[in-house]
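Undergrad: output the structure for:
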Amino acid sequence: MNTDYKRKILEKTIAVCGNGGWLQLTRDKAAEVAGVSTATINYHFDSSAGLLAALMQHAVETENLDVIAQGMVARKLPANVGVKLKRRALAWMGAL
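TA: Numbers count the residues shown, from 1 in each chain. Got it, this is the predicted structure:
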């Protein structure tokens, strides 16, 4: 699997994940935004759940507080999210 290609898909797709978009994202929308086919999305991420998990991991790695906050609300954060990053996401949401 070409990880550079996968990363490019994630970088293009995460742009539409703000303001609740992560929870609403579909494979079709991700394919449209990334300029690839849904078959390509399926190949790299296996499923919608796999795509969302990869996007959340990318959000954690890039400290995208908006998407991390959505993951907190949905209780779908990866295990590697530290307390400081969670607090920053909560503050970003206005919860602190």
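
Undergrad: now the residue nearest to the spatial centre of the chain: how far from residue 44?
TA: In the chain, the C-alpha nearest the mean C-alpha coordinate belongs to residue 55, at 2.4 Å (CA atoms, centre = their mean). For residue 55, the distance to residue 44 (CB to CB, to the nearest Å) stands at 12 Å. From N, CA and C alone the C-beta is placed, and that goes for glycine too.

Undergrad: do the same with residue 80
TA: Distance, residue 80 to residue 44, by CB to CB: 21 Å.

Undergrad: tell me the buried residues in the longest helix seen in the chain?
TA: Longest helix in the chain by number of residues (criterion: DSSP state H): helix 48-62. For helix 48-62, a neighbour-count test (16 or more other CB atoms under 10 Å) marks 51, 52, 53, 54, 55, 56, 57, 58, 59, 60 as buried.

Undergrad: contacts for it?
TA: With contact meaning CB atoms under 8 Å, 6 or more residues apart in numbering, helix 48-62 is reached by 6-7, 10-11, 13-14, 17, 22, 25-27, 30, 41, 45, 64, 67-68, 71, 76-78, 80-81, 85.

Undergrad: can you select the buried ones among those residues for me in ChimeraX?
TA: Buried residues within those, by 16+ other CB under 10 Å, are selected in ChimeraX with:
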select :6,10,13,14,17,22,25,27,30,41,45,64,67,68,71,77,81,85
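
Undergrad: from the contacts of helix 48-62, which ones fall inside helices?
TA: The members of these that map onto helices under DSSP H are 6-7, 10-11, 13-14, 22, 27, 30, 41, 45, 67-68, 71, 85.

Undergrad: for those, which one is nearest residue 92?
TA: residue 68 (8.1 Å; CB to CB).

Undergrad: okay, that closest one: pLDDT?
TA: With respect to pLDDT, residue 68 scores 89.

Undergrad: that one and residue 82 touch, don't they?
TA: No - Residue 68 is not in contact with residue 82 according to CB atoms under 8 Å; the separation is 10.8 Å.

Undergrad: what about residue 28, distance to residue 56?
TA: Relative to residue 56, and taking CB to CB, residue 28 is found at 19 Å.
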